[in-house]
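Chemist: the sequence and its predicted three-dimensional model are supplied below.
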Amino acid sequence: MHIEFLQKVCDINDWSDPRIDHIIRNELRSTPDYKRKQWEFAMIYLALEAKGKIHGRSRGIAFGAGRERLVFALANRVEHLLATDLYTADSTWVGARTNSPKDWLLSAAPFEVDTSRLDAAFMDMNAISAEPNSVDFCYSSCAFEHIGKEKQTFVDHLAAVKNILKDGGVYVLTTELHYGDTIASPHNFFFSLPDLLSIVEESGLSADPVFDVRPAKTALNRPSIDPATFGLPVVSQPVVTPLRHGRVFTSTMLVLTKRSKQNAVEVMGYDNTAEWLARQWDALNDELWSEWRTLNANAKVPATIVGHDEMIAPDEHDDVPAFHTSWMHFGDGPVQINVALAGSSLDRDLVCRVVERPANHEVDRRMCAETRMVSGIRNLQFEARRDKVYAVLGRGAIRSDSHITVSARKNASLHRSATAV
C-alpha cells in the first residue's frame, strides 16, 4: 500500500503505507492505534517530509499545539520549532492551561527532546505574531475548525500564515470534512469540501493539485457510532469515519504552499464516496434501531458538560434538566421511547420530552412528544426524519435513591407528527 496523494481524507488503508508505519513507530515512537489523531500526526509529518521541510536548517510554527506528540517528534528533526496555543492559566482550552508554556510543554515530553530546538508561546491563530517571510513551514492538527464563527475568519488565518511563510513555504493542516453542507457551529466547524477549497482559494495559498476522496470501501471505513451515546466506555477500536449527531465526517489534510500562482484542484472520488457512506449509514441505522437500545441519560447535563447549555431548551419551571441523552439519528420512520423510573416515587411530576433539531445546526428545536411521570414506565412515540436528530430530556427533581433508564427503538406501527415547542 502506497499513499498516492498527500491531500486526502483519512483511510484505514493509510496505516498500511510503510512510510506511515515508520513515522508512527520511529518518529512518534508509538504503536498504530487506527485513530484519526494518529493519522493526522503521521500524515502531517509525511507531508512536511515530502515537501523537503524536515531538515536541520528548517524553522517552523505549530498552531494549537497543546502538548501533542508531533511537537516533540518534529523538534528533534528541524532547526527550531515554536509550539503555540492559547497558553494561559485560565485558557478556555483545558489542554493549554499554563503560565509557563515551555516548562509545561516539556513536562509532558513522551521521549527525549533537544530543548534548544523547541520553544512554546501564547499565540492566537487569529492574531499571528511572526515576521513576514520568516518560517519554512507551519502546521496545525484539527485546530483550524475551532478558530472562527464565519468563513472570513478562516480565510484571514490562511492569509496571515501566507504572510509569514517564506516563498515556497508550506502550511499543512488537518481539519474536519463533513460529507454534506458545512455545519457552521461557532468555533467548531465541519467543512464541506467546496467551502474548504473556496477558503483556500480566497486566502492566496496554493493547494496541492489533487484532493483524494477515495477511501477504501471496507468495513473499517464505514460510519461508526459513538459508544457514549449508549453510556458505554470508549473502547480501543478503529475510528476513521465517525457518525455523531446525524453527521458523517472524517479528518482530512490540506497541503498548502506559498507560491506566485495557485493550482487548480482536481477532486477525486467525492460523489462516489459520499453515496457509499450514505448507504452504509442507512444500513447501520436499520440494524441499530431494530431492537431496544439503552441510551446514556447523563450525556448533556450542564454541571458536567460545560459549554453545551445551548443544547437544552429553557423551561419555565426548571432550567436544569434532570436527565438529557445524546443527540441521536434514527433516519426516517416511527420511533418509540421508553422512560423507566426505578426506586422511590417522586413528589412532583417529572416532565419527559423528546426534542428534535436539524442535524446540520444546533438551533430550531421542536418538541416531538411529552409525558409526565412520578414512577413506573412511560412511552413516547414520534415520527423521525432523516434530516433531524433527537434527544430525550427530563425536567424536575429525581430522588437520590431513584434511577432513570431511557431506551429507544424504531417501530413501523407508530405515527406521530412534530409540534413546535
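Modeler: That came in fine, so what should we check first?
Chemist: for burial, what's the neighbour tally of Arg77?
Modeler: Neighbourhood size, Arg77 [other CB atoms under 10 Å]: 18. C-beta: built from backbone N, CA, C; applies to glycine.
Chemist: need the per-residue pLDDT for it.
Modeler: Arg77 carries a pLDDT value of 97.
Chemist: Val306 too?
Modeler: Confidence score, pLDDT, at Val306: 28.
Chemist: same thing with the one 4 residues further on?
Modeler: You'll see Glu310 listed with a pLDDT of 33.
Chemist: show me what contacts the residue lying closest to Leu288 once chain neighbours are set aside?
Modeler: Excluding its sequence neighbours, the residue lying closest to Leu288 (CB to CB, 6 or more residues apart in numbering) is Ile225, at 7.0 Å. Residues in contact with Ile225 (CB atoms under 8 Å, 6 or more residues apart in numbering) are Leu243, Leu284, Leu288.
Chemist: quick one: low-confidence residue ranges for this protein.
Modeler: 233-237, 300-320, 362, 412-421 (pLDDT under 70).
Chemist: helices along that one, start to end?
Modeler: 18-22, 36-50, 69-75, 101-106, 151-164, 193-203, 270-288 (DSSP state H).
Chemist: on contacts alone, who are the packing partners of the shortest one?
Modeler: Under the contact criterion of 3 or more CB pairs under 8 Å, 6 or more residues apart in numbering; DSSP states H and E, helix 18-22 touches helix 36-50.
Chemist: what helices and strands are in contact with the helix it packs on?
Modeler: By 3+ CB pairs under 8 Å, 6+ apart, helix 36-50 packs against helix 18-22, helix 69-75, strand 135-141, strand 165-178, strand 247-257.
Chemist: next, count neighbours for the closest residue to Ile199 other than its chain neighbours.
Modeler: Using CB to CB, 6+ apart and skipping the chain neighbours, the partner closest in space to Ile199 is Phe154 (4.8 Å). Per other CB under 10 Å, the neighbour tally for Phe154 reads 25.
Chemist: quick check: Phe154 touching Leu197?
Modeler: No - Phe154 is beyond contact range of Leu197, at 11.8 Å (criterion: CB atoms under 8 Å).
Chemist: from Phe189, how far off is the residue nearest the centre of the chain?
Modeler: For the chain, the residue nearest the mean C-alpha position is Glu176 (6.1 Å; CA atoms, centre = their mean). Distance of Glu176 to Phe189, computed by CB to CB, to the nearest Å: 7 Å.
Chemist: got the domain boundaries for the chain?
Modeler: Listed by automatic domain parsing, the domain ranges of the chain are 12-287, 293-410.
Chemist: ends of the last one, what's the gap?
Modeler: With CA to CA, to the nearest Å as the measure, the ends of domain 293-410 fall 10 Å from one another.
Chemist: verify the stated contact: Ile404 with Ile398.
Modeler: Yes - judged on CB under 8 Å, Ile404 makes contact with Ile398 at a distance of 6.4 Å.
Chemist: okay, and the common contacts of the two?
Modeler: In contact with both Ile404 and Ile398: Ala322, Phe323, Leu341, using CB under 8 Å, 6+ apart.
Chemist: taking the residues you listed one by one, which sit in strands?
Modeler: Ala322, Phe323, Leu341 (DSSP state E).
Chemist: closest one to Arg77 out of these, please.
Modeler: Phe323 (49.8 Å; CB to CB).
Chemist: surely the closest one and Ala297 touch.
Modeler: Yes - with contact defined as CB under 8 Å, Phe323 counts as touching Ala297 (4.2 Å).
Chemist: quick check: neighbours shared by those two?
Modeler: In contact with both Phe323 and Ala297: Val392, Ile404, Val406, using CB under 8 Å, 6+ apart.
Chemist: out of the residues you listed, who's the most crowded?
Modeler: Highest neighbour count within these: Val392, with 28 neighbours (other CB under 10 Å).
Chemist: that one reaches Ile337, doesn't it?
Modeler: Yes - between Val392 and Ile337 a contact is recorded at 5.7 Å, counting by CB under 8 Å.
Chemist: could you tell me which residues touch both of those two?
Modeler: Common neighbours of Val392 and Ile337 (CB under 8 Å, 6+ apart) are Val354, Leu380, Val406, Ala408.
Chemist: OK, contacts around the spatially closest residue to Gly180 that is not a sequence neighbour?
Modeler: Closest residue in space to Gly180, ignoring its immediate chain neighbours: Ser192 at 6.6 Å, by CB to CB, 6+ apart. For Ser192, the contact set (CB under 8 Å, 6+ apart) comprises Leu177, His178, Gly180, Asp181, Thr182.
Chemist: I'd like to know how far Ser192 sits from Leu6.
Modeler: Per CB to CB, Ser192 is found 21 Å from Leu6.
Chemist: ok, Phe249 next?
Modeler: Distance of Phe249 to Leu6, computed by CB to CB: 20 Å.
Chemist: these two: who's more crowded?
Modeler: More crowded of Phe249 and Leu6, by other CB under 10 Å: Phe249, with 23 against 19.
Chemist: hmm, that one is touching His178, no?
Modeler: Yes - using CB under 8 Å, Phe249 is in contact with His178, at 4.6 Å.
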